[in-house]
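Asks: okay, here's the prediction I keep looking at, along with the sequence it came from:
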Amino acid sequence: MLYGLCVNMTAEADRLAGIRLAPALKKMGYDYIEIPTNRLSLLGGQEFDEGKRILKDCGLTCRTCNDFMPMQFRVVGEELTPWDQLEEYFRRAFFRIGRNGLGAHVVVFGSPWCRTCPEGFPHETAFRQLAEFLGKIGEIARQEGLVIGIENNNRTETNMLNRLADIGRMTELIDLPNVGILCDYYHLRFEDEAPDEPAKYPGKIVHTHIAKLEKRAYVTNLDGEMPYMAEYAKALHAIGYEGGISIEAKPDPARKWEEEAAENLRVLKSVFEA
């Protein structure tokens, strides 16, 4: 297993896309940093070069990027963002993320604000729209050596692709080798799915996010998470998963972030390497 931290929920996210946290994460023992795509795409050329230099100097990789799209984009419903705008954004973003840029491997499609089916619009039509959209960008991602992980955001965030079965059906419909499943532990718990649900999708899970169910907090202890988290780890091991495990959680404003992040890594390793 490889351990990373998503910086999209930190105070640094809007400053150089959170990349300045990389040296601290490297010192703590993390294997990689997970950077928000939408913020990374907004950086000027000099800022992007500075970010690359920081990562190179500290020796921490950017294995994964999340926060797929800007808030204003819409890919389902009657009022869609024009394809030429989407294509321009993704070609720029994926070029920066992929083998010609930061060298990341997985890009996460969560962005619940972009994929919510409007009230009164046929849900199945929206599902097909999403499949068409993901098929197109899957090809752009492939050209940059990227895998897309579709995230199971919970029902309070979107009304589309809330459960792993929904995403499993989506990946079958798209049928691209570089489009798989991101299993988010927090959303899995929120939707009250079984902890061994990932075991139904061998070879399809490309990434996972972790946060405690209560307050979407860092896993600095296992209060309220056992035995569920242990059973989740067992399910991933059962299908031979050896990819990234990223903490995507809300820092406690009453604590020092460095202490929280370091404790989180120790606790996660105690579960997933048991």
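Replies: Received, thanks. Residues are numbered from 1 along each chain as shown.
Asks: the residue most distant from the middle of the protein, which is it?
Replies: Gly120 (29.1 Å; Cα atoms, centre = their mean).
Asks: tell me the pLDDT at that residue?
Replies: Among the per-residue scores, Gly120 shows a pLDDT of 96.
Asks: OK, contacts around it?
Replies: Contacts of Gly120 were listed using Cβ atoms under 8 Å, 6 or more residues apart in numbering, and none were found. Glycine gets a C-beta too; all of them are placed from N, C-alpha and C.
Asks: from Arg39, how far out is it?
Replies: Distance, Gly120 to Arg39, by Cβ to Cβ, to the nearest Å: 33 Å.
Asks: now do Gly224
Replies: Taken as Cβ to Cβ, the span from Gly224 to Arg39 is 31 Å.
Asks: can you check Ala131 too?
Replies: 27 Å.
Asks: check His187 too.
Replies: According to Cβ to Cβ, His187 and Arg39 sit 22 Å apart.
Asks: neighbour count winner among those two?
Replies: His187 (27 against 20; other Cβ atoms under 10 Å).
Asks: element containing the more buried one?
Replies: Here His187 is covered by helix 185-190, with elements defined by DSSP states H and E.
Asks: got the contact list for that helix?
Replies: For helix 185-190, the external contacting residues (Cβ under 8 Å, 6+ apart) are 151-156, 162, 164, 195, 197, 208-213, 216, 228-229, 232, 248-249.
Asks: so which of those are in strands?
Replies: Glu151, Thr208, His209, Ile210 (DSSP state E).
Asks: low-confidence stretches in the stretch 51-200 of the chain?
Replies: Under the criterion pLDDT under 70, no range of the stretch 51-200 of the chain is flagged.
Asks: Leu43 contacts Leu16, correct?
Replies: Yes. Counting by Cβ atoms under 8 Å, Leu43 does reach Leu16; the two are 7.0 Å apart.
Asks: more neighbours: these two, which one.
Replies: For Leu43 versus Leu16, neighbours defined as other Cβ under 10 Å are more numerous around Leu16 (20 against 16).
Asks: so who does the more buried one touch?
Replies: Residues in contact with Leu16 (Cβ under 8 Å, 6+ apart) are Leu43, Glu47, Glu50, Gly51, Ile54.
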